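Participant: Only the shape, not the letters, is given here:
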């Protein structure tokens, strides 16, 4: 029954309307209008956030520029102070009497009491670094090479660790390539035509 009434109402509206008028049916779809309003509100909020972000970025850039300018001024002032400063004087060596030097006690043997010795006497007794290096260089533990080249390589491989040997092999390959690149190609004699 309601459909018939709705149909009559629509027909009546169509009869009253002129041929040039456009009649749109009345829609009661509130969901579509709400979603449209939400979309507009969302886009408006997004645009406001973008504008606020640009304003904040501009403010920070100008603030940083002022800070950089201030740092450049202070750097220039420090350079001027360094130029105007008199040359530095070498530090003075502090003189201390030998009686006030620290004394060392030898605790190697607790039963036997040893007298305290001067620091100077102990320093003389300690082997210097130069002497230690000389001792190390006098008896190096290098492999002995006295056979053929291949035999020497095999004995070297047995005496060194695997990682060291791999490093040596890599170096040898590069060295060989370098040597081969340095060699001039042999000049082949041009054949003389037989007469």
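Facilitator: Looks like it arrived, so ask away. Keep in mind the model is a prediction, meaning the values are calculated, not measured.
Participant: Quick one: low-confidence residue ranges for this structure.
Facilitator: Along the chain, the parts satisfying pLDDT under 70 run over 13-32, 87-94, 96-130, 132-133, 136-145, 194-195.
Participant: In it, spot the helix with the most residues.
Facilitator: Counting residues, the longest helix found in the chain (DSSP state H) is helix 30-84.
Participant: Assign residue 191 to helix, strand or coil.
Facilitator: coil (DSSP: H, G, I helix; E, B strand; the rest coil).
Participant: How many residues are close by it?
Facilitator: Residue crowding around residue 191 was assessed by other C-beta atoms under 10 Å; the count is 6. For every residue, glycine as well, the C-beta is placed using N, CA and C.
Participant: what are the phi and psi values for it?
Facilitator: phi -70, psi 130 (degrees, to the nearest 10).
Participant: Look up how far residue 70 lies from it.
Facilitator: Noted for residue 191: a distance of 84 Å to residue 70, by C-beta to C-beta, to the nearest Å.
Participant: again, but for residue 45
Facilitator: According to C-beta to C-beta, residue 45 and residue 70 sit 37 Å apart.
Participant: Check residue 172 too.
Facilitator: Taking C-beta to C-beta, one finds residue 172 at 60 Å from residue 70.
Participant: now do residue 5
Facilitator: 82 Å.
Participant: Check residue 7 too.
Facilitator: As judged by C-beta to C-beta, residue 7 and residue 70 stand 82 Å apart.
Participant: Same question for residue 36.
Facilitator: Distance, residue 36 to residue 70, using C-beta to C-beta: 52 Å.
Participant: same question, residue 81
Facilitator: For residue 81, the distance to residue 70 - C-beta to C-beta - is 17 Å.
Participant: Need the three-state assignment for residue 165.
Facilitator: Per three-state DSSP, residue 165 ends up helix.
Participant: surely it meets residue 155?
Facilitator: No. Contact criterion C-beta atoms under 8 Å: residue 165 and residue 155 do not qualify, at 11.8 Å.
Participant: Can you pull the phi/psi pair for residue 162?
Facilitator: Dihedral angles (degrees, to the nearest 10) for residue 162: phi -60, psi -40.
Participant: What of residue 85?
Facilitator: The phi/psi pair for residue 85 (degrees, to the nearest 10) is phi -80, psi 140.
Participant: What about it, how many residues nearby?
Facilitator: Other residues lying near residue 85 total 8 when counted by other C-beta under 10 Å.
Participant: Thanks again, I'm all set now.
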